[in-house]
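Participant: please find the sequence and the predicted model below.
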Amino acid sequence: MAQGLNTLGVAHKFLREQVKKGALCIDATAGRGRDTVLLCELVGPSGRVLAFDIQESAVNATKARLRECGFEGRANVILDSHSNMDQYAQKETVDGIVFNFGYLPGGDHRIYTTPATSIPAIERGLALLKPGGVMSLCIYYGGDTGYEERDALLCYLQTLDSRIYTVLLHQFYNRPNDPPIPVFIYKEP
């Protein structure tokens, strides 16, 4: 497989092209902190990142990664559900939001995202986005947990008003098994 041509690589390329210095961004599913660190790099010293996770181990791992990279002053890592992000940012103030749906890699596979919180989180995130803001969704599915969420997310995304949002769905068409699905949303300026 070509280097960087995986779901996370595609999402990071998208974010590098869209997020500018001084931005306010949200990592809705902090996990191990990879996206949080990338967002901190992109927003620069004048920007800010909010990162959410419901697992204390993920919050701690993200904080440790931020310390290692010298970015702890740029990010606030919050032990809370992504569906509560609107309690931490104001409507139309956020430049970019990142989601990775599924379970924490290397974590407890009994803890995973579900449509019950993921769809409200996307809805709240869309309201937080500035005009011209972007959202990256990586839908990891397969195994015993992800098909229901994948189907619910894809159905929901089709309902977004095309006068306000452009939704781009990508597929790794020639990959075996259940390759993750990268989705990018642009909010019209």
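Facilitator: Great, that's in hand.
Participant: where does pLDDT dip in the protein?
Facilitator: Scanning the chain for pLDDT under 70 picks out the ranges 1-4, 143-145.
Participant: any chance you could map the strands in it?
Facilitator: Along the chain, counting by DSSP state E, strands occupy 24-27, 48-53, 75-79, 94-101, 129-139, 165-169, 181-187.
Participant: what about the helices in the protein?
Facilitator: 7-18, 34-43, 56-69, 115-128, 146-158 (DSSP state H).
Participant: and the first one, what other elements does it pack with?
Facilitator: Counting contacts by 3 or more CB pairs under 8 Å, 6 or more residues apart in numbering; DSSP states H and E, helix 7-18 packs against helix 34-43, strand 94-101, strand 129-139, strand 181-187. (Glycine included, C-beta is placed from N, CA and C.)
Participant: list the buried residues of it.
Facilitator: Using 16 or more other CB atoms under 10 Å as the test for burial, helix 7-18 gives 7, 8, 10, 11, 12, 14, 15, 18.
Participant: go on, the last one?
Facilitator: When burial is assessed from 16+ other CB under 10 Å, helix 146-158 yields the following buried residues: 146, 149, 150, 153, 157.
Participant: how about stretch 16-31?
Facilitator: Buried-residue list, stretch 16-31, by 16+ other CB under 10 Å: 18, 19, 23, 24, 25, 26, 27, 28, 29, 30, 31.
Participant: straight-line length of that stretch, end to end?
Facilitator: Stretch 16-31 has an end-to-end distance of 20 Å (criterion: CA to CA, to the nearest Å).
Participant: contacting residues around that stretch?
Facilitator: Stretch 16-31 has contacts (CB atoms under 8 Å, 6 or more residues apart in numbering) with 35-36, 38-39, 42-44, 46-53, 58-59, 61-62, 77, 82, 85, 89, 93-101, 104-105, 113, 121, 125, 128, 134.
Participant: now the buried residues of helix 7-18 in CSV, with distance to residue 162?
Facilitator: Converted to CSV, these look like this (distance: CB to CB, whole Å):
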residue, distance to residue 162
7, 24
8, 27
10, 23
11, 22
12, 26
14, 19
15, 23
18, 19
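Participant: report the two of these separated the most.
Facilitator: Across these, the longest distance by CB to CB is 16.6 Å; it joins 7 and 18.
Participant: and the end-to-end length of stretch 131-151?
Facilitator: Stretch 131-151 has an end-to-end distance of 27 Å (criterion: CA to CA).
Participant: my bad, should have said stretch 81-100
Facilitator: Criterion CA to CA; first-to-last residue distance in stretch 81-100 is 13 Å.
Participant: is it true that residue 119 touches residue 154?
Facilitator: No. Residue 119 is beyond contact range of residue 154, at 11.1 Å (criterion: CB atoms under 8 Å).
Participant: thinking again about what came up before, okay, the helices and strands packed on helix 7-18 in JSON lines with distance to residue 72 and mean neighbour count next?
Facilitator: Listed next are the helices and strands packed on helix 7-18 as JSON lines, based on distance: least, CB to CB, whole Å; neighbours: other CB atoms under 10 Å:
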{"stretch": "helix 34-43", "distance to residue 72": "9", "mean neighbour count": "23"}
{"stretch": "strand 94-101", "distance to residue 72": "19", "mean neighbour count": "26"}
{"stretch": "strand 129-139", "distance to residue 72": "23", "mean neighbour count": "20"}
{"stretch": "strand 181-187", "distance to residue 72": "28", "mean neighbour count": "20"}
